[in-house]
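**Q** have a look at this prediction, sequence included:
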Amino acid sequence: MARIRPIQVADDGFWDEDRPTRRTKALRYGAPVAVAGIAAGAIGLVPALASSGAPDLPKITAQQLISKMAASDQQQVSGSLKITTDLGLPTLPGGGSLAGAANDLAGEKGATASPESKLTELVSGTHTLRVAADGPDKQRVSIVENAAEYSMIHNGDQLWAYDSGSNSVFHSTAPKDAAGKRDHQRETPRDLREATPQQLAKQMLAAVDDTTEVTVDGTTRVADRDAYQLLIKPKQSASTVGSIRIAVDADNGVPLKFTLTPKSGGKAAVDVGFTKVDFGKPAAGTFDFTPPKGAKVTEDGAADHPEKGFKGRPGGATGSPGEEALSGLNVTGKGWDTIARLDDGQKAGATGDAPSAPGGDGGAASGLLGSFGKKVKGDFGSGTVFSTRLVNALMTDDGKVFVGAVDKDALVAAANKAK
């Protein structure tokens, strides 16, 4: 199959992200790491409720379909997304999950509507999101639960977040001395911004090179709209990614559904799609917000403290999300076999267990951490591999960490090479 050239994806305006730069090598290397970060950080997502029956659409090549996505300039959208995560995270003693423990810990710190406090809830389970956007200055995302709703509203220089369950509000304002209009808009929490088929598709398109096979795999119906299916498969055998399927609106080129299936098989690990979608202009009142009576309002102080809230990127950086994910990391490998290396500076104890938790019971912490992993040995020495269905990490006994969407053997080989 002819090589698919990397595509410079046009900004769809949904979250006002910078357009990808020409640093395609960094983008290609960053995408698998970004997949790991997205999956581990909270946005594996459940299949959209696609209508049955494949529509009869004109033939199109993979290159033409990618170009159609890149040329799409749809800036207005509203609808509902169905979200689920199935990463295969380990279970804690007593039957609890790591995600549940994180939620409980966040609850102990007191009720807050800060967007970051909601991210751990998306690590597992099924969720429904309602989204709306009207260009780069107006967006709204709501996480709908059984008896409560969490909403994040961006309107101009204002960011509001409201948790109806705790009746708490978080508010942030762009600093008055912002260097430019776009500076503050970058800081809507990235994990929530990327919880759409559009943004996930951008991450994957940045990885399309000679390590990737791309084809058009028929047609489908998503949210009552005709769509082509773009199928992306890594050629590299060490990747834990089996395939990525993107349903692309046949009319306007907008990704409607994104599904990432692990090489191990089974249901999707990362899967997000519209169940309802409308590309008309949302009502202006959609982006208005007034704190309810009696709500606890927390101000983040961004206007007085530019280092908080709507701050610009560190050091004035303007790179892509993939490049930011690699900032400060040693990266090895190519394409889907990319592995990031971190040196945490903590060595294991004499027992050879995993590094101890600072300020805690080192033996207990090491034992608990070790129970989630598998001991491995190599030329590098010894360490522990922690695995999920998508992302694996090797923590060596001398304090190095190797992580990527690759199998255990690839992590051990990277550690051997780096010794």
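**A** Sure, I can see it.
**Q** so where is the stretch 301-419 of the chain shaky, pLDDT-wise?
**A** Applying pLDDT under 70 to the stretch 301-419 of the chain flags residues 301-328, 344-371.
**Q** redo that, cut-off 50
**A** Applying pLDDT under 50 to the stretch 301-419 of the chain flags residues 302-325, 345, 348-365, 368.
**Q** helices of that one, residue ranges please.
**A** With DSSP state H, counting those that start in this stretch as the criterion, the stretch 301-419 of the chain has helices at 321-326, 362-371, 408-418.
**Q** likewise for the stretch 151-300 of the chain?
**A** Assigned by DSSP H, counting those that start in this stretch, the stretch 151-300 of the chain shows helices spanning 190-193, 197-205.
**Q** out of those, which gets the lowest mean score?
**A** Set side by side, the helices of the stretch 151-300 of the chain give their lowest mean pLDDT on helix 190-193, at a mean of 51.
**Q** my guess is residue 230 contacts residue 64, does it?
**A** No: using Cβ atoms under 8 Å, residue 230 is not in contact with residue 64, being 10.6 Å away. Where C-beta positions appear, they are placed from N, C-alpha and C, glycine not excepted.
**Q** between the two, which is the more surrounded one?
**A** Set side by side, residue 230 and residue 64 show more neighbours around residue 230, with 26 against 12, by other Cβ atoms under 10 Å.
**Q** leaving out sequence neighbours, find the closest residue to the more buried one.
**A** Among residues not flanking residue 230 along the chain, residue 246 sits closest, at 4.5 Å (Cβ to Cβ, 6 or more residues apart in numbering).
**Q** how much space separates the one you found from residue 148?
**A** Noted for residue 246: a distance of 32 Å to residue 148, by Cβ to Cβ, to the nearest Å.
**Q** quick one: which of these two has more around it?
**A** Shown here are residue 246 and residue 148; by other Cβ under 10 Å, residue 246 has more neighbours (27 against 12).
**Q** what pairs with that one across the strands?
**A** residue 230, residue 258 (DSSP bridges).
**Q** residues in contact with it?
**A** Each residue near residue 246 by Cβ atoms under 8 Å, 6 or more residues apart in numbering is listed here: 197, 201, 204, 229-230, 232, 255, 257-259.
**Q** please repeat the previous calculation with a cut-off of 6 Å.
**A** Residues in contact with residue 246 (Cβ atoms under 6 Å, 6 or more residues apart in numbering) are 201, 230, 255, 258.
**Q** check residue 247 too.
**A** Residues near residue 247 by Cβ under 6 Å, 6+ apart: 220, 222, 227, 229, 256-257.
**Q** I'd like those as JSON lines, with pLDDT appended.
**A** Shown next, in JSON lines, are those (pLDDT from 0 to 100):
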{"residue": "220", "pLDDT": "97"}
{"residue": "222", "pLDDT": "96"}
{"residue": "227", "pLDDT": "98"}
{"residue": "229", "pLDDT": "97"}
{"residue": "256", "pLDDT": "96"}
{"residue": "257", "pLDDT": "95"}
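**Q** going by distance to residue 143, which of these wins?
**A** Nearest to residue 143, judged by Cβ to Cβ, of these is residue 257 at 19.0 Å.
**Q** hmm, the closest one is touching residue 271, no?
**A** No: at 7.8 Å, residue 257 does not count as touching residue 271 under the criterion of Cβ atoms under 6 Å.
**Q** those two: who's more crowded?
**A** For residue 257 versus residue 271, neighbours defined as other Cβ under 10 Å are more numerous around residue 257 (29 against 24).
**Q** which residue is the nearest non-sequential neighbour of that one?
**A** Nearest to residue 257 is residue 273, by Cβ to Cβ, 6+ apart, at 3.2 Å.
**Q** next, count neighbours for that neighbour.
**A** If we define neighbours as other Cβ under 10 Å, then residue 273 has 27 of them.
**Q** okay, and the beta partners of it?
**A** For residue 273, the beta-bridge assignment (DSSP bridges) gives partners residue 82, residue 257.
**Q** low-confidence regions, the stretch 51-200 of the chain specifically.
**A** For the stretch 51-200 of the chain, the stretches with pLDDT under 50 are 51, 92-97, 101-102, 105-110, 179-188.
**Q** where does residue 121 sit: helix, strand or coil?
**A** Secondary structure for residue 121, judged by DSSP: H, G, I helix; E, B strand; the rest coil, is helix.
**Q** pull the number of nearby residues for it.
**A** Neighbour count for residue 121, taken as other Cβ under 10 Å: 19.
**Q** likewise for residue 142?
**A** 18.
**Q** what about it, distance to residue 264?
**A** 33 Å.
**Q** show me what residue 393 is bridged to.
**A** Under DSSP bridges, the beta-bridge partners of residue 393 are residue 386, residue 403.
**Q** I'd say it and residue 405 touch.
**A** No: with contact defined as Cβ under 6 Å, residue 393 does not reach residue 405; the gap is 10.6 Å.
**Q** tell me which of the two has more neighbours.
**A** Set side by side, residue 393 and residue 405 show more neighbours around residue 405, with 29 against 21, by other Cβ under 10 Å.
**Q** what's the span of stretch 141-161, first residue to last?
**A** Terminal residues of stretch 141-161 are spaced 9 Å apart (Cα to Cα, to the nearest Å).
**Q** ok, and what's touching that stretch?
**A** 113, 115, 118, 127-131, 137-140, 162-165, 170-174, 188, 192, 287, 289.
**Q** residue 292 and residue 209: what is the separation?
**A** Using Cβ to Cβ, residue 292 is found at 50 Å from residue 209.
**Q** more neighbours: those two, which one.
**A** Neighbours were counted for residue 292 and for residue 209 using other Cβ under 10 Å; residue 209 has more, 21 against 11.
**Q** got a pLDDT number for that one?
**A** Value for residue 209, per-residue pLDDT: 79.
**Q** now for the contacts of residue 246, which pair is the farthest apart?
**A** Largest separation among the contacts of residue 246 by Cβ to Cβ: 230 and 258, giving 9.9 Å.
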